[in-house]
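# below are the sequence and a predicted model for it; my questions follow.
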Amino acid sequence: MDLDPKVSAETLMIAVERMVRYVRRSAIAGGLSTAASSALGRLGREGPHRLTELARAEGASQPNMTQLITRMERAGLVRRVADPHDGRAVLVEATDTGLEVFRRRRTERADALQSLVEELSEPEQQAVRVALPALARAIQDRQARQARQDCD
């Protein structure tokens with residue numbers, strides 16, 4: 001496999017965008033919008049959040065997140081519960097139905113990514129298996145550094 005060291009960041013970005021779009025579109029369980037899928041995914045991975053925290057983490061305004069959560073609540077995917085640490089606050093958590101939709105969507109996305117990887121040559125498959133986790137670690141490290149700087 002010949003890897004061109006001169007591949008531009010823009011070319012890599014286009015490839016990442018195409019891959020993410022393909023994998024996202026492959027998840028159809030629950031018929032969720034991108035925003036609902038993202039919010040449900042966060043709740044499924046990280047557990048309950050305050051509405052304000054969820055809005056901030058998802059890059060949404062509080063009014064838009066409130067409307068989204070209300071729709072998801074009507075669909076039985078999430079519920080609002082009292083914050084056990086602050087009786088005045090409310091947390092949003094995924095219901096059992098929401099968690100099942102989250103798991104099905106994750107499986108659909110994983111299957112879509114796996115089918116793409118299987119179309120590659122063995123060296124390309126190995127490169128993907130090394131590069132994607134490495135990029136994920138770099139993102140996590142960057143976020144941890146940023147969180148530490150925000151606390152200082």
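Thanks, I have it.

# so for the helix or strand hosting Val117, mean pLDDT?
According to DSSP states H and E, Val117 maps onto helix 96-118. Computed over helix 96-118, the mean pLDDT rounds to 96.

# for that helix, buried residues please.
Residues of helix 96-118 classed as buried: Gly98, Leu99, Val101, Phe102, Arg105, Glu108, Arg109, Ala112, Leu113 (neighbour count, 16 or more other CB atoms under 10 Å). Backbone N, C-alpha and C define where each C-beta goes, glycine included.

# for the last one, give me its contacts.
To tie it back to what came earlier, the one meant is Leu113. By CB atoms under 8 Å, 6 or more residues apart in numbering, the contact list for Leu113 reads Met19, Val23.

# apply 6 Å and report the result again.
Val23 (CB atoms under 6 Å, 6 or more residues apart in numbering).

# angle of the longest helix along the chain against helix 96-118?
Taking DSSP state H as the criterion, the chain has its longest helix at helix 122-151. In terms of direction (axes from the mean of the first three to the mean of the last three CA atoms, to 10 degrees), helix 122-151 departs from helix 96-118 by 130 degrees.

# where in the protein is pLDDT low?
1-5 (pLDDT under 70).

# does anything pack onto the longest strand seen in the chain? Which helices or strands?
The longest strand of the chain (DSSP state E) is strand 86-94. Where contact means 3 or more CB pairs under 6 Å, 6 or more residues apart in numbering; DSSP states H and E, strand 86-94 is packed against strand 49-50, strand 78-83.

# partners of that strand in the sheet?
Strand 86-94 pairs in its sheet with strand 49-50 (antiparallel), strand 78-83 (antiparallel), by DSSP bridges.
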